[in-house]
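Peer 1: Give the three-dimensional model of this entry:
(one chain, ligands or ions: 1)
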Amino acid sequence: MSRKFWVGGNWKMNGDKKTIDEIIKFLNAGPLDPAVEVVVGVPAIYLEYTKNILPPNVSASAQNCYKVPKGAFTGEISPPMISDIGVKWVILGHSERRHIFGENDDREGGKTEEVVFRQTKAVADKVKDWSKVVIAYEPVWAIGTGKTATPQQAQEVHKKLREWLSKNVSDKVASETRIVYGGSVTGANCVELSKEPDIDGFLVGGASLKPEFVQIVNARK
Ligand SMILES: O=C[C@H](O)COP(=O)(O)O
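Peer 2: Predicted structure coming up:
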């Protein structure tokens, strides 16, 4: 089965209404390849504002949530709250949320597989419906550094991750789940990365705030 190319723009803690209006302008101008699923990760406070003005071919995503529906968790938002405003996506486990676990550039030192498999297992044990999941592989040393994994490096990890899914979940899940790459993706490097067979899209940080995000969405065009 062919996997629909998926491109997410993670705005992180950036933007105000004025900036968001500018982003909406370039998303509207596009044109965005209709064969691509496009999602933008919006700061919680602007989720509803953004959702209401996004072009119909772009979905909004929350950037994090806590695991229970409600309760005494000051400052957190819950999955039902995200759903309640009509938002269907959430980014979970981004490395910027994991710093508490002391991750560092070790991944450049040959620990990639160990870390990637361990993190995937923690999630895989809980997933009930894999059709709702997109996995993002982001080498921490490539995030916001301008240092991108080469297409071959990324492909190697994505392939291993797919093999892991096949072995530990099922062949069906392995062949249907989108595995996207993140880490200094730009208009300049997206085309080469998108040619790799196991790279099913991107999770874009910095460049998702700029008009070049359109180029990234259209990488396979
Ligand atoms: O979620 C996105 C990633 O952390 C990548 O960020 P970046 O494109 O700014 O390197």
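Peer 1: The lowest-mean-pLDDT helix or strand in the chain close to the ligand?
Peer 2: Of all helical and strand segments in the chain, the minimum by mean pLDDT, DSSP states H and E falls on helix 95-98, at a mean of 82. No. Remark: helix 95-98 sits outside contact range of the ligand, by CB under 6 Å from any ligand atom, the gap being at least 6.7 Å. In short, each C-beta sits where N, CA and C put it, glycine included.
Peer 1: what's next to that helix, contact-wise?
Peer 2: 12, 64, 103, 138, 140, 143 (CB atoms under 8 Å, 6 or more residues apart in numbering).
Peer 1: Give the buried residues for that helix.
Peer 2: Using 16 or more other CB atoms under 10 Å as the test for burial, helix 95-98 gives 95-96.
Peer 1: residues near Lys126, how many?
Peer 2: By the criterion of other CB atoms under 10 Å, Lys126 has 7 neighbours.
Peer 1: show me the contacts for Lys12.
Peer 2: Lys12 sits in contact with 41, 43, 63, 96, 205, where contact means CB under 8 Å, 6+ apart.
Peer 1: Roughly how far does the second one sit from Gly183?
Peer 2: What that stands for is Pro43. Noted for Pro43: a distance of 21 Å to Gly183, by CB to CB, to the nearest Å.
Peer 1: These two: which is more packed in?
Peer 2: Per other CB under 10 Å, whichever of Pro43 and Gly183 has more neighbours is Gly183, with 25 against 17.
Peer 1: wait, doesn't that one sit right on Thr148?
Peer 2: Yes. Gly183 is in contact with Thr148 according to CB atoms under 8 Å; the separation is 6.0 Å.
Peer 1: Now for the two: what residues contact both?
Peer 2: Common contacts of Gly183 and Thr148, defined by CB under 8 Å, 6+ apart, comprise Ala142.
Peer 1: Please report phi then psi for the residue in the chain sticking out farthest from the centre.
Peer 2: What lies farthest from the middle of the chain is Ala72; by CA atoms, centre = their mean that is 28.5 Å. For Ala72, the backbone dihedrals (degrees, to the nearest 10) come out as phi -80, psi 80.
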